[in-house]
Each structure stands twice: as structure tokens, then as C-alpha cells.
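In: A structural model of the following input is requested.
(one chain, ligands or ions: 1)
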Amino acid sequence: MTTGLWIVLDHVAALLSVAAWFAAGVTLALRRTRLAPAVLVAAVLVTLLRVGTVAMLAGRGWWFVQEKVLLGLPMLGAAAAGAVLLAGPRLLAARRGRGTGWSVSGVVSVFTAAYAALAGLVVTFLVGYPLTLSTALITISLVCAGALLTMRVVAPAAEETAGGGIPLVLGGRLISRRRFLGWSGGAAALTAAGAGTGLSFLPAEAVTVGGGAGRSSRAAVSVADLRGPGSPAPGGTVRRHVLTAKKATVRLASGGEIDAWTYNGEVPGPAISAIQGDLIEVRLRNDDIEGGVTLHWHGYDVPCGEDGVPGLTQLAVRPGEEFVHRFRADQVGTYWYHTHHASHVGVHRGLYGTLVVTPRHGQRADGPAAAEQLDLTLPVHTFDGTVVIPGRDGRTEHPAPPGTTVRLRLINTDSNPHRIVLAGTPFRVAAVDGRDLNQPDEVRDVGLRLPAGGRQDLVFRMPGTPVALVVDDDRDGGLRLRPHGDGPGEAGVGDTSALPELDLLRYGAPAARPFGARDADRHFTLVLDRGLAVVDGRPAYAQTVNGRGHPAIPDQLVAEGDIVRFTVVNRSLETHPWHLHGHPVLVLSRDGTPSTGSPLWLDTFDVRPGETWEVAFRATNPGIWMNHCHNLPHAEQGMMLRLRYDSVTTPFGGAHGESPGHGH
Ligand SMILES: [Cu+2]
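Out: Below you'll find the predicted structure:
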């Protein structure tokens, strides 16, 4: 069973225990003494079941259970034990015909167990990992306050029947023992809650160092000075483009029209291509996108000053302004560009395009084959709920004579993953995220998972029969390649939904890796979840990293040359496509199982619910880089932070400036 399923199961068990303890409290309060013992036993059993689900989750990682093991279960366990000890004997006696089974202590203790169960569940949903002393104090005091309030409600009923408690003389006044308990308990709960609330306002550290050294004394470099070269490599040329961001009405392949935000009036924007070693020069202008735009080169390890993150590497380009990007096309492969300003809106509405760099000598790292005869770049994007592919010229059918070598460059420009099936031919996944795989095996009848922002290059020799590219198991959509032009023969695409998913961690042949987990100079853990957090100054039910939202998530500090390891844990029930700017990461393991296929270098990896990924990279590209979820609404809701080289500074915004990927 996957960890994600265990998380769901534990939520269900937690909810059941809340329901069972409240039911026990209500039956007891209503003096249903025949029913009460059964409900109490059920509550105890569900609580024991809960111990089981938490134990299973604990086996998957401490991050999944910390607040349950340290706070939720001990609190519930203590309250449940108290409830059984206080309510149990009288209920048993009542069954034997002695007394009513009802008592103040019994009712209050059973309700206290219910509050404890509820509090544990609320902490899991609102706070999660890591548990803080502040959270623990507030939670325990709230449960105590609940117990005291219950006593206030229940006790008068008891006093009516029993004639009040034993009196106590305090300061010359006669008060009941219960009232004294209530006051002192209330004061203690208030103090604890106050202390907890006070602690929660302590500022977070601004930086984590991951076990490495702190800030160096080296001379500071500004990201504004980390710019690309002015000339191509020897033999290369300059590829000049002007991209003008503007609103436009765009006709979709499906026939509909949309009010899009575009580069040059086109969606996707102009395709940028280059040969390795060329200089890419792009002049970005903004016509009428009021909030501003930028150009971020997704997966391309440009110098930091070219990275296009507003408020961090530059200012957003406002209407009438421009920004010129220059960088060397040193990396071969399939990439894309998009705005990084208010990207959750801008990219969705069309501010994106493709970037493809091919080898200079027609040689590929995986063999002597010349460039493919049919080379299609296919950005997959969803407009108005319809998946559009390829988008550019509206063509969803291409002629491909038998024997043609074909490369399909798939790019997911959406915020959610897509499932891709290539039906009708065996093929190889030649490259992932622009980087060639080592000896990729020929596969067929498999599903490919394309994470948000991710790319996969599929290579095959065209057979004599049609080939279909199916997206999200929609057999009527997608793309068709026909061996004989417009000739007959619809690709008989069967049901693709049951095809197994290709696991890239076990695909291709292993090869020497430049480093492993043990070589890491720094190690950072990122626990992804939902919770209450402050995002851009406002409290929100945020997408969090280690319990915090942007920009309160501490920067990760690294030094040039460091090998940096990330442990990325997903405690939530949503997928988070993790994306580090400026560096590809090498996948080490997923859920503790090492990557055994081709070395897998990714810039975006899908961390599904319950998954734990270990990745590492070498810090060779100085700058301050965004490190965020590429589900862009998630990033907007707090799930982004910065990876900062120790000697680099930014003059753009900083902590109090405009927020990267966010418009003001
Ligand atoms: Cu996410």
C-alpha cells in the first residue's frame, strides 16, 4: 500500500475516533446507560486502530507522524485512559443494577477524550510538520479549556441532584471545590495558550545552512552582474528575437477563441531554436500586460541575472518597458520559456513558448544518428478545460512515411501532470527534461507521466501503420501520424487507461554518477503540506514548506562547489512538481528505493502524495534561485523559497519587495 493511501486511511481513522468519542460523550450525557458502554468500547477500539495507522505511517517516515506521535496520540491516549477509568466502573456497576452509571467526572472525561481526538485532527490539518512547542501549548490548553467548560455545563446538573460539592474556604469565602478547580484550571490553560501564542510570533530564521557553513566573507556579487556573454561560441551565430507581451484573441485548434495573454500575439509564443554554441538574444517588450511580465527559461541553466524572476533577478517588465536576455545555448535539448510574474495567471493564459537546442554536428550523446527527419515540438496546454496539442498551427495530423525517424518533444506547460501514451509503435524515451538518458530501452504499451513543467523526448522509426499520441487517455484527442499522408487507416487506439506507467527510476542503463547521497556537503529537508501560514503578509490556508509559506520560508544557503542534497517529502494529498531554477538535480531515490536505471537528471519531478524523494545537485551556477512547486497556483499559495549562494546579493526587492511569481 502506498504511503498516500495510509495517509488517507489515517485521516479516516482519526475522523472516526472523533465521531466515536463524541458519540460516547453524548450517550453518556443523555444517561443512555445501556448504549453508553458499547459506544465507549467502540471509541476505544477506533483509538487503537488509530495507533495502528500511525505506526504504519511512522514506518514510512517521521515527517508523516511527528505531530501525531508527540502530541495527538499521547493527548488522546491520556484522555481516553482517563475516560475509561472514570466512566467505566460506574457504567459496569449500572449494568449490574447499581446506580445510574452517570457521573460528572465520567461525562467530562469522555468529552475531554473527544476534544483531544478533534484537536489532534485539527493540528494535523492546520499545522502538520514540524510540530512546535507553541502549537503543543495552544492545543493542550484548548483541550483543557474544553474540559473545564464541559464541567461548568455538566456540574450544575449534578449539584441539583447531589447537593453540590464539598465546600472550601478561600480568602474567607466559601466556594465549592469544583469552582476552585475551574478557576485554577482556567488560569493554567490561559497561561499556556498565551505562552504558545507568544512563541508563535517569534520570527523564523531567515536562512538555513543545511549543515554547511554560514555566509562567507567573500566579496558580494549582485545578481544584476551575473549576466550572459555577449557573443556566441566559435562557429555559432546570434539568434535574435523580439517578444512583445500583449493581449490578443487567439483561435484554438479546437475551433474556439480565447482572450489570451501572448508573446507576439501567438499562443504558444514564437518557437525559439538554436544550435549548440549559438548566442540567444531575446528582447522582451511589454505592450499591455498591466501587472508586468518576464521571461524565465525553464530548465535552462542560464546565468542568474537572465533567469527572469521579478523581485529577485530583475524587476518585472511593465507596459512600455523592455529587458534584453542574452545567454549561450550550451545545453542541448527540449526546454520552454514562460513569464515568472503572476505566473499562475500569465502562463495559464498563454505567456509561454518552446526552446529547443540541437547539437552542432548532428550528433547525439546516445549514438551517431543524425537529426531526426520529423522533429515535432509539442507543448501540451489546457485552455478552457480542453487539452490543446500541438497548438501552434492547429494541426493534429502529420504525414510520416514509413521508416522516417521521428522525435516528439513533449512539454507540459500546465500546472497538473499529463499521462501520455504513444500507441501503434515501440519507442524510446530518449531524453527527459532536455537531458539524454543512457541506453533507453525500447518500450511499448506503457503510460508516461509528464509532470507540470517537465519534458520528454520520444524517438521511434515510423511503422507502416498510423501512430497515435494520446493525452490523458482521451482516445479522440491528441495527435496522429499517418504513414501515407491522408491515406486510409485510422489508428485503432484501444483503451489506454489500464496501461502500466513507465518508471523512469528503473529505465535505461546505469552509468557512473558524479556523486551520491554521502557526498553531500549540505542537506535540506522540504516537507510539503497544507496548513495555516502567512503568505505575502496575509494569513491563509496555504501550500506550505516545513509549515511556512513564502516569503517566510528560510532561504537555503549554499556555497559554490557544494554538493547539495534535498529530501522532499509530500505529506499532502496533492501532487507537487518540484522545480529548482538554475540546476538539474540527480535523482538518488524515491521512497527509499534507489534509482537504478539511467542516471536521471531532472529540473521538475512529481512528488506524489506520501512520496519522499532524495535528489542532489552540484552548486555550480552562482545566484539566488527560486526553488518551488511548479503547480503555479500552489507556488502562489506559498510553496516557494529561495536557494541562495553565500556571496550573492540582489538589489531587486528582497524580502520586502515584490514577490517572485506574484503580482502586486
Ligand atoms: Cu504543489
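
In: where does pLDDT dip in the stretch 101-250 of the chain?
Out: Within the stretch 101-250 of the chain, the segments meeting pLDDT under 70 span 157-180.

In: residue of it nearest the ion, please.
Out: Closest residue of the stretch 101-250 of the chain to the ion, CB to the ion: residue 128 (14.4 Å). Bear in mind the C-beta positions are built from the backbone N, C-alpha and C, glycine included.

In: got a list of what the nearest residue to that residue once chain neighbours are set aside touches?
Out: Nearest residue to residue 128 in three dimensions, chain neighbours excluded: residue 529, at 4.3 Å (CB to CB, 6 or more residues apart in numbering). Under the criterion of CB atoms under 8 Å, 6 or more residues apart in numbering, the contact list for residue 529 reads 128, 129, 543, 544, 547, 570, 571, 572.

In: before we move on, what about residue 565?
Out: By CB under 8 Å, 6+ apart, the contact list for residue 565 reads 517, 520, 522, 523, 524, 588, 614, 615, 616.

In: and the residues you listed, which are buried?
Out: When these are checked for burial by 16 or more other CB atoms under 10 Å, the buried set is 520, 522, 523, 524, 588, 614, 615, 616.

In: pick out the residue nearest the middle of the chain.
Out: Most central in the chain under CA atoms, centre = their mean is residue 576, positioned 2.6 Å from the mean C-alpha point.

In: is that one in a bridge, and if so with what?
Out: Residue 576 forms beta bridges with residue 607, as assigned by DSSP bridges.

In: quick one, phi/psi of the residue of the stretch 301-450 of the chain found nearest the ion?
Out: Closest to the ion within the stretch 301-450 of the chain is residue 415: 8.4 Å, counting by CB to the ion. The phi and psi values for residue 415, taken as degrees, to the nearest 10, are phi -100, psi 0.

In: run through the residues that contact the residue lying closest to it once chain neighbours are set aside.
Out: Excluding the flanking residues, the one nearest residue 415 by CB to CB, 6+ apart is residue 631, at 4.5 Å. If a contact means CB under 8 Å, 6+ apart, then residue 631 has 415, 416, 452, 574, 575, 576, 577, 639 as its contacts.

In: what's the most distant pair in those?
Out: The distance between the two most remote of the contacts of residue 631 (CB to CB) is 14.5 Å, for 416 and 639.

In: looking at those two, which has the bigger crowd around it?
Out: Taking neighbours as other CB atoms under 10 Å, residue 416 and residue 639 compare with residue 639 leading, 30 against 15.

In: I'd say that one and residue 550 touch.
Out: Yes. In this structure residue 639 lies within contact range of residue 550 using CB atoms under 8 Å: 7.2 Å.

In: thinking again about what came up before, in CSV, list the contacts of residue 631 along with distance to residue 189 and pLDDT.
Out: Conversion of those to CSV gives the following (distance: CB to CB, whole Å; pLDDT from 0 to 100):
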residue, distance to residue 189, pLDDT
415, 43, 96
416, 44, 96
452, 45, 98
574, 35, 97
575, 40, 98
576, 37, 98
577, 43, 98
639, 34, 98
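
In: wait, which of those is closest to residue 49?
Out: The shortest distance between residue 49 and any of the contacts of residue 631, using CB to CB, involves residue 574 and amounts to 25.7 Å.

In: could you find the closest non-adjacent residue to the closest one?
Out: Using CB to CB, 6+ apart, the closest residue to residue 574 is residue 609 (6.7 Å).

In: and the gap between the one you found and residue 503?
Out: Per CB to CB, to the nearest Å, residue 609 is found 17 Å from residue 503.

In: residues from the protein in reach of the ion?
Out: Where the chain comes near the ion, counting by CB under 5 Å from the ion, the residues are 576, 629, 631, 634.

In: pretty sure the last one sits in a strand.
Out: Right, the one you point to is residue 634. No. Residue 634 sits outside any strand when classified using DSSP: H, G, I helix; E, B strand; the rest coil, being helix.

In: burial measure for the closest residue in space to residue 88 that isn't next to it in sequence, as a count.
Out: In space, and not counting its chain neighbours, residue 88 is closest to residue 40: 7.2 Å by CB to CB, 6+ apart. Neighbour count of residue 40, defined by other CB under 10 Å: 26.

In: so what pLDDT did residue 40 get?
Out: We have a pLDDT of 95 for residue 40.

In: now the one 10 residues further on
Out: Confidence per residue is given as pLDDT, and for residue 50 that number is 96.

In: let me see the contact set for the residue nearest to it when sequence neighbours are not counted.
Out: The spatially closest residue to residue 50, leaving aside those adjacent along the chain, is residue 13, at 4.6 Å (CB to CB, 6+ apart). Residue 13 makes contacts with 46, 49, 50, 52, 53, as judged by CB under 8 Å, 6+ apart.

In: next one: residue 620
Out: Remark: with contacts taken as CB under 8 Å, 6+ apart, residue 620 is in contact with 560, 561, 583.

In: what do you get if the cut-off is 7 Å, keeping everything else the same?
Out: With contacts defined as CB atoms under 7 Å, 6 or more residues apart in numbering, residue 620 is in contact with residue 560.
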